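[1] Got a predicted model here, sequence first, then my questions.
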Amino acid sequence: MILPGEDPVRLHVVDEGPHDAPALVFAHALGADLTMWDAVLPYLPNDLRVIRMDMRGHGQSPCPDGPYPMGDLVKDAAAALDRFGVKDSALVGISIGGIIAQGLAAERKDLVRALILSNTAVKIATPAIWEERVDIVRKEGVEALVGPNMQRWFARATHRDRPELILNAAEIMRATPEAGYLGCMAAIADTDLYESTARLTLPTLVTAGSEDGSTPADLVRELADLIPGTHFKLIRKSGHMGPVEQPEAYAAAISEFLEICKHV
Ligand SMILES: O=C(O)CC1=CCC(=O)O1
């Protein structure tokens, strides 16, 4: 049970737009930070309050020693929304951010009225895969995973035509503190939200990338099928980083869904 007002780690948050407008909240991926949403924002309706958070151990948020239980990452997000007086948000989460979003929707129904879950699942990869990556980072640092991640994260067309997007994502990943990266990998390794997510009933949009090497579209589709009435959108020519690679299409999917939510 998460109690309102708890603030285990005080997350770095950027809060933009009119404070009395409906809140759209963003939670980023492992090894990224809140700037991963930058390119999406200009394509969103301007009558929204847009709140972006840096997860613990990432961006400008504090980095406690790990490992982190997933429940603590959910509590951090809940505490941040309580601190900013946000209720009934539309919550967007990508990858681990999508796991945090599922957890928050299950635990704090007052904070989340609609979900947008991108490139995520109830369980990502396997504990063995995460253990192997933890070993690599302990021995060689985050740098050792940058190359393989960029392969999984970005579509062929992005590698060919937009190398600057990949260089920027790689730089942000390199800047992620080792303890933060390790702590969040441990959280993912221990998490399977099948049971609690299967009980969700709130309006949900799930988006997948046509060339996602981290959470393949078929896996993401399974998440969509688990939550009754969920809308599903495949973002073409994108890997794991749809908001970075195809910000206009990604924002259009969110805007369309928010419009539908007005009538629910
Ligand atoms: O590490 C990856 O390939 C992708 C990933 C898994 C969880 C997350 O947030 O990113």
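    Nice, thanks for sending it over.
[2] Without its sequence neighbours, what residue ends up closest to L34?
    Distance criterion Cβ to Cβ, 6 or more residues apart in numbering; nearest residue to L34, sequence neighbours excluded, is R52 at 3.9 Å. Using the backbone N, CA and C atoms, a C-beta is placed for each residue, glycine as well.
[3] Quick check: neighbours of whatever helix or strand the one you found lives in in the sheet, parallel or antiparallel?
    Secondary structure assigned from DSSP states H and E places R52 in strand 49-53. If you go by DSSP bridges, strand 49-53 pairs up with strand 13-16 (antiparallel), strand 23-27 (parallel).
[4] looking at those, which is closest to the ligand?
    Closest to the ligand of the strands paired with strand 49-53 is strand 23-27 (Cβ to the nearest ligand atom; 9.6 Å).
[5] do the closest one and the ligand meet at all?
    No. Under the criterion of Cβ under 6 Å from any ligand atom, strand 23-27 makes no contact with the ligand; the nearest approach is 9.6 Å.
[6] Name the surrounding residues that touch that strand.
    Contacts of strand 23-27 from elsewhere in the structure, counted by Cβ atoms under 8 Å, 6 or more residues apart in numbering, are 34, 37, 44, 48-53, 55, 77, 81, 86-94, 97-98, 100-101, 254, 258.
[7] For the stretch 101-250 of the chain, just list every one of the helices.
    When secondary structure is read from DSSP state H, counting those that start in this stretch, the stretch 101-250 of the chain shows helices at 127-140, 143-153, 156-161, 163-175, 178-189, 194-198, 217-226, 242-245, 247-262.
[8] And those: which comes nearest the ligand?
    When the helices of the stretch 101-250 of the chain are ranked by proximity to the ligand (Cβ to the nearest ligand atom), helix 143-153 comes first, at 4.6 Å.
[9] Would you mind listing the residues in contact with the residue in the stretch 151-264 of the chain that the ligand sits nearest to?
    Here the residue of the stretch 151-264 of the chain nearest the ligand is S214; by Cβ to the nearest ligand atom that distance is 3.4 Å. By Cβ under 8 Å, 6+ apart, the contact list for S214 reads S95, N119, I124, A125, N149, R152, W153, G239, H240.
[10] next one: G71
    Under the criterion of Cβ under 8 Å, 6+ apart, the contact list for G71 reads G103.
[11] May I see the buried residues of the helix or strand containing it?
    Using DSSP H and E, G71 sits within helix 70-83. Of the residues in helix 70-83, those buried under the neighbour-count criterion (16 or more other Cβ atoms under 10 Å) are M70, D72, L73, V74, K75, D76, A77, A78, A79, A80, L81, D82.
[12] separation between the first one and the ligand?
    In this case it means M70. Computed as Cβ to the nearest ligand atom, to the nearest Å, the M70 to the ligand distance reads 12 Å.
[13] Test my guess that that residue contacts Q102.
    No. With contact defined as Cβ atoms under 8 Å, M70 and Q102 do not form a contacting pair (9.9 Å).
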